[in-house]
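> quick one, fold the following:
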Amino acid sequence: MTLRNLVILGSTGSIGRQTLEVVERFPDRYRVLGLAAYRQADVLLDQIRRFHPQAVALADSQSAARLRQQLQGAGGPVPRILGGEEALTELAAWPGADMVLVAVVGAAGVRPTLAAIEAGRTVALANKETLVTAGHLVTAAAARRGVAVLPVDSEHSAVFQCLQGSSRASLRRIVLTASGGPFLRTPAGQLERVTAEAALRHPNWKMGSKITVDSATLMNKGLEVIEAHWLFGAAFEQVDVVVHPESIVHSLVEFQDGAVLAQLGWPDMHLPIQYALSYPERWPGGVRPLDLAAVGSLHFEAPDTARFPCLPLAIQAGKIGGTMPAVMNAANEIAVQAFLAGRIRFPHIARIVAQIMEKHVVTASPSLDEVVDADAWARREAQRMATECSQP
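This is a model prediction of the structure:
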């Protein structure tokens, strides 16, 4: 069996750490060639000692300098250490890599993903914002280079698995499931008073703070609708969302003949990560067998878009296209940061996103530079609006 070389961008986050757990179970199938993070040098140092990568990258230059000092003082082999804004992009195209798993947070994943594709690497994508902001560029580059982009999100992995052996022409509809988050039953009038701490208490999943808040607003599901559009070539009218509080059915696919296939399992990211690494094979073990009798019952309901307007806002941005998804995503990232910092209230997230989308003049079929410019404009506007919201 051929040993494949893996680069993990975002190795200190939730997905990155779980990816390393999968790699540890299959040491004869994957070697960790490179690891990257934003600034968690101490966590990265421990990962270096466990996996001995050729190269590591930290987007924060000061953290990279600190890591370099720590490694030089420890003795033994020292990997190549990259630091600064372009470090992750350089590592994404590192010589000898077979697969790059992109698990960084936010639009920061766009340039490294494109670099990995241009270098001919298989991409395992655990970053929604890359396809949301630059889906037209990523899919075009992947087609031109003949590179596979494999989904790692549990919902898109479920769709991907259900589509195996079927042509895209046989697809009628994709149904993405949403847990509903911690505020599924919270009355609209009480959402003004919910705290960041409450928003981070997801009922089913353990995730990073940004994606957990996105789950609470249902923005996460809106981003996934856009992602499904690009991953599977589905029109927006072919992608539906249903709330499923148990998070056992990870998504469904309806075919032209009326058959519906679903992928089920416990809420555990190890399986979609492992499937992206093993595709087209299925490797044994790794997750707890599903016990439907223990689950007992499954429930489904339509999302409440009045209480959670981020979902329709994201879908609207996807349908408009051009630079609008990048603007929507950037505004949301800044608003979520402000909410986590206690500067704005929960409903302000959707209000900021809506106001910035309304102000934006869309550029159709944008270049990467135009996407970056639109993203930067939206971040400035969102920062200003968040400041206004936080003033007494």
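
> and the strand or helix carrying Pro325, what's buried?
For Pro325, the enclosing helix or strand under DSSP states H and E is helix 324-340. Residues 324-340 are the ones in helix 324-340 that count as buried (16 or more other CB atoms under 10 Å). In short, each C-beta sits where N, CA and C put it, glycine included.

> cool, stretch 269-277 as well?
Quick answer for stretch 269-277 (16+ other CB under 10 Å): Met269, His270, Leu271, Pro272, Ile273, Gln274, Tyr275, Ala276, Leu277.

> if I look at the second one, how far off is Ser157?
The one in question is His270. The gap separating His270 from Ser157 is 11 Å, by CB to CB, to the nearest Å.

> re the thing from before, now, which of the buried residues of stretch 269-277 sits nearest Ile352?
Of all these, Ile352 sits closest to Met269, with 29.2 Å by CB to CB.

> if I read this right, the closest one contacts Gln18, doesn't it?
Yes - between Met269 and Gln18 there is a contact at 5.3 Å, judged by CB atoms under 8 Å.

> what pLDDT, on average, does stretch 360-370 get?
Averaged over stretch 360-370, pLDDT sits at 97.

> got a list of contacts for it?
Contact with stretch 360-370 is made by 110-111, 114, 134, 136-137, 320-324, 326-327, 374, 377-378, as judged by CB atoms under 8 Å, 6 or more residues apart in numbering.

> do that again at 7 Å, thanks
Ala134, His136, Leu137, Ile320, Gly321, Gly322, Thr323, Met324, Val327, Ala374 (CB atoms under 7 Å, 6 or more residues apart in numbering).

> show me which pair in these is furthest apart.
Among the contacts of stretch 360-370, Leu137 and Ile320 lie farthest apart (CB to CB), at 16.8 Å.

> which of these two has more neighbours?
Leu137 (20 against 16; other CB atoms under 10 Å).

> surely the more buried one is in a strand?
No - under DSSP: H, G, I helix; E, B strand; the rest coil, Leu137 falls outside any strand and is assigned helix.

> check what pLDDT it gets.
Reported pLDDT for Leu137: 97.

> without its sequence neighbours, what residue ends up closest to it?
The shortest distance from Leu137 to any non-neighbouring residue, by CB to CB, 6 or more residues apart in numbering, is to Leu368 (5.9 Å).

> neighbours around the one you found, how many?
Neighbour count for Leu368, taken as other CB under 10 Å: 14.

> quick check: it vs Ala126, distance?
Leu368 is 21 Å from Ala126, by CB to CB.

> then Ser179?
From Ser179 over to Ala126 (counting by CB to CB), the distance is 18 Å.

> between these two, who's got more neighbours?
More neighbours surround Ala126 than the other of Ser179 and Ala126, with 32 against 21 (other CB under 10 Å).

> contacting residues for the more buried one?
Ile15, Leu101, Val102, Ala103, Val152, Asp153.

> pLDDT-wise, which helix or strand of the chain ranks last?
helix 61-74 (a mean of 86; mean pLDDT, DSSP states H and E).

> hang on, the earlier thing: any idea which of the contacts of stretch 360-370 is the one closest to Lys359?
Closest to Lys359, out of all of these and judged by CB to CB, is Val327, at 8.9 Å.

> name the nearest residue to the closest one, ignoring sequence neighbours.
Here the residue nearest Val327, using CB to CB, 6+ apart, is Ala378, at 4.2 Å.

> which strand or helix spans the one you found?
Going by DSSP H and E, Ala378 is part of helix 368-390.

> and Ala57, that one's in a strand?
Yes - assessed by three-state DSSP, Ala57 belongs to a strand.

> residues contacting it?
Ala57 makes contact with Ala36, Leu82, Ala87, Leu88, Glu90, Leu91 under the criterion CB under 7 Å, 6+ apart.

> sorry, back to before: let's have the contacts of stretch 360-370 in TSV, adding distance to Ser63.
Shown next, in TSV, are the contacts of stretch 360-370 (distance: CB to CB, whole Å):
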residue	distance to Ser63
Ala134	26
His136	33
Leu137	29
Ile320	38
Gly321	37
Gly322	35
Thr323	31
Met324	34
Val327	30
Ala374	29
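
> show me which of the residues you listed is closest to Ala198.
Distances from Ala198 to the contacts of stretch 360-370, taken by CB to CB, are shortest for Val327, at 28.3 Å.

> got the CA positions of stretch 294-306 in CSV?
Extracted in CSV, the C-alpha atoms of stretch 294-306 (Å, rounded to 0.1, in the frame of the first residue of the first chain):
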residue,chain,number,x,y,z
ALA,A,294,-31.0,3.6,21.2
VAL,A,295,-31.8,6.7,19.1
GLY,A,296,-35.5,5.9,19.4
SER,A,297,-37.0,8.5,17.1
LEU,A,298,-36.1,11.1,14.5
HIS,A,299,-37.8,14.4,14.0
PHE,A,300,-37.8,16.8,11.1
GLU,A,301,-39.3,20.3,10.7
ALA,A,302,-39.0,23.3,8.4
PRO,A,303,-36.6,26.0,9.5
ASP,A,304,-38.0,29.2,11.0
THR,A,305,-36.6,31.8,8.7
ALA,A,306,-38.4,34.6,10.5
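
> give the buried residues for it.
Using 16+ other CB under 10 Å as the test for burial, stretch 294-306 gives Pro303.

> which residues sit against that stretch?
Ala178, Leu218, Val241, Val242, Val243, His244, Pro245, Glu246, Ile248, Val249, Leu311, Pro312.

> again, only using 8 Å
177-178, 180, 188, 218, 221, 241-246, 248-249, 311-312.

> which ones among the residues you listed are found in strands?
Mapping the contacts of stretch 294-306 onto strands (DSSP state E) picks out Thr177, Ala178, Val241, Val242, Val243, Val249.

> now the spatially closest residue to Gly233 that is not a sequence neighbour: how far from Ser367?
Distance criterion CB to CB, 6+ apart; nearest residue to Gly233, sequence neighbours excluded, is Arg168 at 5.7 Å. Distance check for Arg168 against Ser367: by CB to CB, it reads 28 Å.
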